[in-house]
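[1] Need a 3D model of the following:
(one chain, ligands or ions: 1)
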Amino acid sequence: MKAVKEMSFDVEKVRQDFPVLSQEVNGKPLVYLDNTASAQVPNLVIERGAEYLKKEHSNVHRGVHYLSQKATSAYEAAREKVRRFINAEEAKECIFVRGTTEGVNLVAFAYGRKFINEGDEIVISQMEHHSNIVPWQMIAEERGAKIRVIPMNKAGELILEEYDGLLNERTKMVAIGHVSNAIGTINPVKEMIETAHKYGVPVLIDGAQAAPHLRIDVRDLDADFYTFSGHKMFAPTGSGVVYGKKKWLEQMGPYQGGGSMIRNVTFEKTTYAGIPEKYEAGTPAIAPSIGLGAAIDYLNSIDLDAAFAYEHELLEYATEKLSAIEGVTIVGTAKQKASVLSFTIENVHPHDIGTILDQQGVAVRAGHHCAQPVMEFYEVPATARASFAFYNTKEEIDKLAEAVQKVIDVFG
Ligand code: 7TS
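    Next comes the predicted model:
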């Protein structure tokens, strides 16, 4: 069964779709292993962007003229592609935002100002990215609410028994990451949503790292809100989506005020547009959103299940390779992981690892990965992180391992 899947995924063919990969960096072939930060963009997306700018660029929803209609229909077609990609019931439940950060802020403020009050509680987890922590702290402070945190174990898995104990009648929101960007854990979000719903609590899933690695079905998950970034799933920066169930989006107030989000404005009283416009004040990120639609077209054009299975193989291969090097510690060893591999090297600062790897043409991220509570939990200032997309190869992982060995030789 596995062999059949491997055969149907041709990594060399896929690599040809990503022009950025075939360049040299510091005199060495580029080995791009920073996909968790931003993934690369395939020709299909680049060409769609160029076509839009050459032939269709205009503002949306405003003009009756030809170009505005072209831009509007491309923008709305992208929304429909998003709907299908995440299996939302209606396209208007998919709000275009600039990325996950804006998605979480939108929900935190629009939902929080309507539904969170003094003494209420918001449940998040210990492994969240800062963008799924700070907006909740801000709204909690504004509304007099409290943040409660689901702890994790040493492997980097959330302790679900503790989660159960955190939920009560004061809980007004659960916000959790689908996949950790710092340690790669895939959280059992479907089960966690079901638990929250027993208490009548809505759940926001930060899907920034899930959208490029897992199939997303918001209706199967029964997520109330689900947000992700285009630039991590092969689209340009400046694109992203926050999905919300219609019943919430219709009840919540707007996030920002301005053009396009109104029905009628007078100095005495303004009424708001319906969804999705109510949440898309001003000129939206038209070109990036159309690019996100093209990235979805690209994902639909490859054997995605085979691609995801292949990525998992890369993760296993890299874990094995790096674990075998003396002095290397893998940070985050959950049973369910996406292709994110954080590690440290004894007596070497992760920034030095990153710099020496870069000299070998190997791009990884070094730092706290905007997840300082995770670093604190593992008592490390930072980690180096290699993250794989389906266009990476085992040969590239061999180069990573060689470069890591070089770091140890230099510092040893
Ligand atoms: N949530 C998670 C889980 C993330 O990984 C990131 C970005 C965000 C939210 C924020 O997304 P943005 O597109 O709004 O910035 N993560 C990373 C990273 O791991 N390295 O650079 C950005």
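
[2] secondary structure class for residue 128?
    Under the three-state scheme (DSSP: H, G, I helix; E, B strand; the rest coil), residue 128 adopts coil.

[3] Any idea what the residue nearest to it when sequence neighbours are not counted is bridged to?
    Of all residues not flanking residue 128 in the chain, residue 177 sits nearest, at 5.5 Å (C-beta to C-beta, 6 or more residues apart in numbering). Using the backbone N, CA and C atoms, a C-beta is placed for each residue, glycine as well. With DSSP bridges as the criterion, residue 177 is bridged to residue 206.

[4] wait, what's in contact with residue 177?
    Counting by C-beta atoms under 8 Å, 6 or more residues apart in numbering, residue 177 touches 125, 127, 128, 129, 132, 187, 205, 206, 208, 209.

[5] what's the distance between it and the ligand?
    5 Å (C-beta to the nearest ligand atom, to the nearest Å).

[6] do the same with residue 256
    If you go by C-beta to the nearest ligand atom, the gap between residue 256 and the ligand works out to 16 Å.

[7] my guess is that residue contacts residue 278, does it?
    No: with contacts counted by C-beta atoms under 8 Å, residue 256 stays clear of residue 278, the gap being 10.0 Å.

[8] And those two? Which one has more around it.
    Shown here are residue 256 and residue 278; by other C-beta atoms under 10 Å, residue 278 has more neighbours (22 against 14).

[9] The ligand contacts on the stretch 201-350 of the chain?
    206, 208, 209, 229 (C-beta under 6 Å from any ligand atom).

[10] And for the nearest residue to the second one once chain neighbours are set aside, the neighbour number?
    Of all residues beyond its chain neighbours, the one nearest residue 208 is residue 100 (4.1 Å), with distances taken as C-beta to C-beta, 6+ apart. Per other C-beta under 10 Å, the neighbour tally for residue 100 reads 27.

[11] Residue 100: what's it in contact with?
    Contacts for residue 100 (C-beta under 8 Å, 6+ apart) come out as 129, 131, 132, 206, 207, 208, 227, 228, 229, 240.

[12] buried stuff in whichever strand or helix holds residue 319?
    In the assignment (DSSP states H and E), residue 319 maps to helix 304-323. By 16 or more other C-beta atoms under 10 Å, the buried positions in helix 304-323 come out as 306-311, 313-315, 317-319, 321-322.

[13] just stretch 62-81 next, same as before
    68, 70, 71, 72, 74, 75, 76, 78, 79, 81.

[14] can you map out the strands along the stretch 101-250 of the chain?
    For the stretch 101-250 of the chain, the strands defined by DSSP state E, counting those that start in this stretch occupy 121-125, 146-150, 171-177, 203-206, 225-229, 240-244.
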